[in-house]
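Peer 1: Here is my input; please provide its structure:
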Amino acid sequence: MTDGSEDSKPTAGFQRVVQRAVIHVQSSGGAEVTGADVLVALFAERESHAAYFLQEQDMTRYDAVNYIRRSIVEGIEQGVVRQSSSHGRTKPVVVEKVKRRRPPRDGKTAKDAK
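Peer 2: You can find the predicted model right below:
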């Protein structure tokens, strides 16, 4: 217990995870580290309670990477996310969702109805 005069300090394990995420993002040409980058980096930490409990739930680093990749791809397909190239790195950018017109259920188009 502290008397409140000391600032809290991150653990060495937490610092390693963040450093690993930063190095990965920098090596891929990125400009910012996201929570997703930190989550993926967390799985490389051997003495991590967080990684242990995620693995207890049958979650792997591979699952985290695939979930992130799939959510980006689905966002692109739905028009919610588009790819943007910044500083040599392609990254997702949230954009306004556009409603797509669907053909009528009977197969006729608006032109056929006239």
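Peer 1: Please make it C-alpha for all contacts and neighbour counts, starting now.
Peer 2: OK.
Peer 1: where do the strands sit along the protein?
Peer 2: 81-86, 89-94 (DSSP state E).
Peer 1: avg pLDDT for the first one?
Peer 2: Averaged across strand 81-86, pLDDT comes to 50.
Peer 1: And the last one, by the same measure?
Peer 2: Averaging pLDDT along strand 89-94 yields 50.
Peer 1: same check, this time on stretch 70-77
Peer 2: Rounded mean pLDDT across stretch 70-77 is 67.
Peer 1: let's number from 673 now, not from 1
Peer 2: Noted, 673 is the first residue going forward, which turns the last one into stretch 742-749.
Peer 1: which residues does the closest residue to Ala716 other than its chain neighbours contact?
Peer 2: For Ala716, ignoring the flanking residues on the chain, the nearest one in space by C-alpha to C-alpha, 6 or more residues apart in numbering is Val689 at 7.8 Å. Residues counted as contacts of Val689 (C-alpha atoms under 8 Å, 6 or more residues apart in numbering) are 710, 713-714, 716-717.
Peer 1: how many neighbours does Val737 have?
Peer 2: 14 (other C-alpha atoms under 10 Å).
Peer 1: no, scratch that, I was asking about Arg718
Peer 2: For Arg718, using other C-alpha under 10 Å, the count is 10.
Peer 1: how far away is it from Arg688?
Peer 2: Distance of Arg718 to Arg688, computed by C-alpha to C-alpha, to the nearest Å: 11 Å.
Peer 1: With Val710 instead?
Peer 2: Taken as C-alpha to C-alpha, the span from Val710 to Arg688 is 10 Å.
Peer 1: next one: Ala716
Peer 2: Distance, Ala716 to Arg688, using C-alpha to C-alpha: 10 Å.
Peer 1: try Pro682
Peer 2: Relative to Arg688, and taking C-alpha to C-alpha, Pro682 is found at 10 Å.
Peer 1: more crowded one of those two?
Peer 2: Arg688 (16 against 9).
Peer 1: got the residue ranges for the helices in this structure?
Peer 2: Under the criterion DSSP state H, the chain contains helices at 684-699, 707-714, 721-728, 733-749, 782-785.
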